[in-house]
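In: no FASTA, just this:
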């Protein structure tokens, strides 16, 4: 009998039907910084994996000069809503994201009703060298499951594996709506049969939810989750897969699910407080932090003062934050440095004048004051490689873009139209090949030029136009 039992156990392990026994988490080195994975908008490059770094969890710097660090070449070839997962031992990492690229051959109606049932997954042992992405089918086993959105994962010490959870649109019990499903996994390549995890009454959908573990002595629950379900609902539990208790919402500080989504937790490395970042999707402004010393108490949340945080140059949309050890932080910053180079754009035929913004209009002026109005960072083009965009230094997230062939400084709204209007090719200067001309990405027969000192996007047909369309990018 003992031999038969041993053989049976061996067969079960070979079939992958037994999960590892619960293992305690390793003691990681002290945390010294923060890494945010996010997407930035609706263009093809915006719907990829972008990274930002912070030393205090509130002031963020874009890595890789704001360009994507990982790009999906599987599924829809776009990703949104990335989750960052570290193994308990700290020796393995995963990025898990929604397989979705709006405007890249897919619209919202299709993605809701007949979207990808897969998630996109990358794996790494060092946070900087990542595997090729693979597709993980999570919704295919859900009867009439129509998509798979906004994945998250958390290590569950009670079972010794990860709880993976996401939203799927399902017609069930007379209501077609997004519900949260969950499954267990040890490697993000195979999962157990998906089970309903969170469902709201009636027609109320729930799409975004994220769980944070709370240390003993803070509040009455070991785990707190926040969800976008018409409100930002706060719930508590002592077991990830157990019963959850509704604790309240953030309407007391003026935030509802009609304004914000994509809750993203971070516990500060020093002190005993947290930030809950919320994506201001309704106003198109990306993430903002809400602060609390007790995640399980709705009355303890407060809006962060407007000058106490800075989100960097790109819009930060639904993502995840990982606290970094010093070794992890060093590797990440060495791999994807962020340039601090500040550029000015000098006119060729009026060399005492530089491109500047003034009340969001764009012109060339001499003796620019304040100087920062004429300072830009040349970043990878919002539409793709081989192009550039010009991001304002004193208005991060704002770019030079043409509109009806006039120029303005405008905030990136994440749209493909904005990305095209704010993207240019650097070519040899039309009046002097040692200088530079800037060809429009979406109107390649037109170039940036000044006319009566105002910037325009025009075809260039004569010597005056060639001189007006020639510039030098200076540091």
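Out: Looks like it arrived, so ask away. All of these numbers come straight from a predicted model, not from anything done at the bench.

In: Could you look up the next helix or strand downstream of the least confident helix or strand in the chain by mean pLDDT?
Out: Ranking every helix and strand in the chain by mean pLDDT, DSSP states H and E puts helix 2-14 at the bottom, with a mean of 37. Of the helices and strands lying after helix 2-14 in sequence (DSSP states H and E), the nearest is strand 31-39.

In: Below-threshold pLDDT in the stretch 1-150 of the chain: ranges please.
Out: Scanning the stretch 1-150 of the chain for pLDDT under 70 picks out the ranges 1-27.

In: Let me see the ranges of the helices in it.
Out: All helices of the stretch 1-150 of the chain, identified by DSSP state H, counting those that start in this stretch, fall at 2-14, 108-114.

In: List the contacts of residue 209.
Out: Residue 209 makes contact with 150, 152, 165, 180, 198, 225-228, 263, according to CB atoms under 8 Å, 6 or more residues apart in numbering. For glycine as for every other residue, the C-beta is placed from the backbone atoms N, C-alpha and C.

In: Go ahead and confirm residue 115 touches residue 105.
Out: No. The criterion here is CB atoms under 8 Å, and residue 115 misses it with residue 105 at 11.9 Å.

In: out of these two, which sits in the more crowded spot?
Out: residue 115 (23 against 11; other CB atoms under 10 Å).

In: ok, that one to residue 166 distance?
Out: 12 Å (CB to CB, to the nearest Å).

In: Over to residue 435?
Out: Remark: distance between residue 435 and residue 166 (CB to CB) = 51 Å.

In: next one: residue 273
Out: Taken as CB to CB, the span from residue 273 to residue 166 is 28 Å.

In: Could you do residue 194 as well?
Out: Using CB to CB, residue 194 is found at 9 Å from residue 166.

In: pLDDT wise, what is residue 257 at?
Out: Per-residue pLDDT puts residue 257 at 81.

In: what stretches of the stretch 201-350 of the chain score poorly on pLDDT?
Out: Filtered on pLDDT under 70, the stretch 201-350 of the chain yields the residue ranges 339-340.

In: And the helices in it?
Out: Applying DSSP H, counting those that start in this stretch to the stretch 201-350 of the chain gives helices spanning 326-335.

In: thinking again about what came up before, can you tell me which of the contacts of residue 209 is closest to residue 30?
Out: Using CB to CB, residue 152 is the member of those that lies nearest residue 30, at 25.2 Å.

In: show me the contacts for the residue nearest to that closest one when sequence neighbours are not counted.
Out: With CB to CB, 6 or more residues apart in numbering as the criterion, residue 152 has its nearest non-adjacent residue at 4.9 Å, and that residue is residue 83. Taking CB under 8 Å, 6+ apart, we find residue 83 in contact with 37, 94-97, 151-153, 319-320.

In: still on that earlier bit, the more surrounded of residue 273 and residue 166?
Out: More neighbours surround residue 166 than the other of residue 273 and residue 166, with 27 against 15 (other CB under 10 Å).

In: Which helix or which strand is home to the more buried one?
Out: strand 161-172.

In: who does that strand pair up with?
Out: If you go by DSSP bridges, strand 161-172 pairs up with strand 149-156 (antiparallel), strand 175-185 (antiparallel).

In: now the strands: where do they sit in the stretch 301-450 of the chain?
Out: Listed in chain order, the strands of the stretch 301-450 of the chain (DSSP state E, counting those that start in this stretch) span 302-303, 317-325, 344-347, 353-358, 361-366, 376-380, 388-392, 398-403, 406-411, 424-428, 436-440, 447-451.

In: These: lowest mean pLDDT?
Out: Minimum mean pLDDT among the strands of the stretch 301-450 of the chain: strand 376-380, a mean of 85.

In: could you give the angle of it to strand 424-428?
Out: 100 degrees (axes from the mean of the first three to the mean of the last three CA atoms, to 10 degrees).

In: which residues touch residue 130?
Out: Applying CB under 8 Å, 6+ apart, we find residue 130 in contact with 70, 95, 122-124.

In: May I see the PyMOL selection of the buried members of the residues you listed?
Out: A single PyMOL command suffices to select whichever of the contacts of residue 130 are buried according to 16 or more other CB atoms under 10 Å:
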select buried, resi 70+95+122+123
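
In: Between the contacts of residue 130, which sits nearest residue 216?
Out: Using CB to CB, residue 95 comes nearest to residue 216 of those, at 30.0 Å.

In: Identify the bridge partners of the closest one.
Out: residue 84, residue 122.

In: thinking it is in contact with residue 49, fair?
Out: Yes. Contact criterion CB under 8 Å: residue 95 and residue 49 qualify, at 6.2 Å.

In: list residues touching both of those two?
Out: Jointly contacting residue 95 and residue 49 under the rule CB under 8 Å, 6+ apart are 37, 70, 82, 122.

In: In space, what's closest to the second one - neighbours in sequence excluded?
Out: I take that to be residue 70. Of all residues beyond its chain neighbours, the one nearest residue 70 is residue 49 (3.8 Å), with distances taken as CB to CB, 6+ apart.

In: isn't residue 204 right up against residue 227?
Out: No. Between residue 204 and residue 227 there is no contact under CB under 8 Å: 10.8 Å.

In: With neighbour numbers in mind, choose between these two.
Out: Applying other CB under 10 Å to residue 204 and residue 227 shows that residue 227 carries more neighbours, namely 25 against 14.

In: Make sure that one is actually in contact with residue 198.
Out: Yes. Applying CB under 8 Å as the test, residue 227 and residue 198 come out as touching, 6.7 Å apart.

In: intersection of neighbour lists for the two?
Out: Counting by CB under 8 Å, 6+ apart, the residues touching both residue 227 and residue 198 are 180, 206, 209.

In: Tabulate these (CSV), appending distance to residue 42.
Out: Shown next, in CSV, are the shared contacts of residue 227 and residue 198 (distance: CB to CB, whole Å):
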residue, distance to residue 42
180, 24
206, 23
209, 23
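
In: Just give me the closest of those residues to residue 342.
Out: residue 209 (40.3 Å).

In: Show me what that closest one bridges to in the sheet.
Out: For residue 209, the beta-bridge partners under DSSP bridges are residue 227.

In: Same question for the one 4 residues further on.
Out: When assigned by DSSP bridges, residue 213 has beta-bridge partners residue 223.

In: From the structure, what's the count of residues near the residue nearest to residue 248 when sequence neighbours are not counted?
Out: Distances taken as CB to CB, 6+ apart place residue 298 nearest to residue 248, at 3.3 Å, with adjacent residues excluded. Using other CB under 10 Å, residue 298 is surrounded by 18 other residues.

In: from the middle of its chain, how far away would stretch 348-366 be?
Out: Averaging C-alpha positions (CA atoms, centre = their mean, to the nearest Å) puts stretch 348-366 33 Å from its chain's average.

In: Alright, that wraps it up for me.
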